[in-house]
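S.K.: with the sequence up front, the predicted model follows.
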Amino acid sequence: MSHLPLWYLGKIDGDTCDQIIAEMSGIEVREATMGADGAEKHIATRDTKVRFGGPDYWLNDKFESFATHANMECQWYYHITGRENIQFAEYGPEQHYAWHTDTFALAGKPTDRKITIV
């Protein structure tokens, strides 16, 4: 079983990217947080501003299909039980996103994010 990242390049065309940026730019911006309940700030790991699409945002289905394909292609065969809302991150010149795992030990919950699409 492979646990290495799987990269998809060119799956979303430039016009669609422009549409996503325009739509997401109209949503209220927040400071990025971590943990299942979003109460933890870890600037050393992630320093950015974020916006969230709602549960009915049209891009959710497209990204879910990418995750499903990766799950099968990489032979992970994770039992996927849900999805989170699309998170749109915006980074300034001095901001960053460091490598980390998407588990929620900070909140004491047995939840982890099995597949992340960036």
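M.R.: Structure received. Since we're looking at a predicted model, the values are computed, not measured.
S.K.: going forward, measure contacts between C-alpha atoms and count neighbours the same way
M.R.: OK.
S.K.: got the contact list for Lys49?
M.R.: By CA atoms under 8 Å, 6 or more residues apart in numbering, the contact list for Lys49 reads 29-32, 89-91.
S.K.: change it to 10 Å
M.R.: 29-33, 88-92, 95 (CA atoms under 10 Å, 6 or more residues apart in numbering).
S.K.: which neighbours does the helix or strand bottoming out on mean pLDDT in the chain have in its sheet, and in what orientation?
M.R.: Lowest on mean pLDDT, DSSP states H and E among the helices and strands of the chain sits strand 96-97, with a mean of 78. Looking at strand 96-97 with DSSP bridges, its partner strands are strand 46-47 (antiparallel).
S.K.: quick one: residues in contact with the partner strand.
M.R.: With CA under 10 Å, 6+ apart as the test, strand 46-47 has contacts from 31-34, 41, 89-92, 94-100.
S.K.: looking at the helix or strand following that strand now, give me its mean pLDDT.
M.R.: Of the helices and strands lying after strand 46-47 in sequence (DSSP states H and E), the nearest is strand 49-52. Mean pLDDT, taken over the full extent of strand 49-52, equals 90.
S.K.: the helix or strand just after strand 49-52: which residues count as buried?
M.R.: Counting by DSSP H and E, the next helix or strand C-terminal to strand 49-52 is helix 59-73. For helix 59-73, the neighbour count (16 or more other CA atoms under 10 Å) marks 60, 63-64, 67, 70-71 as buried.
S.K.: kindly indicate which of those lies nearest Thr116.
M.R.: Ala67 (7.6 Å; CA to CA).
S.K.: how near is that closest one to Asp61?
M.R.: The spacing between Ala67 and Asp61, counted by CA to CA, to the nearest Å, is 10 Å.
S.K.: Val50 too?
M.R.: Plainly put, Val50 is 20 Å away from Asp61 if you go by CA to CA.
S.K.: ok so, going back, of the buried residues of helix 59-73, closest to Cys17?
M.R.: Using CA to CA, the shortest approach to Cys17 within these belongs to Phe63, at 13.1 Å.
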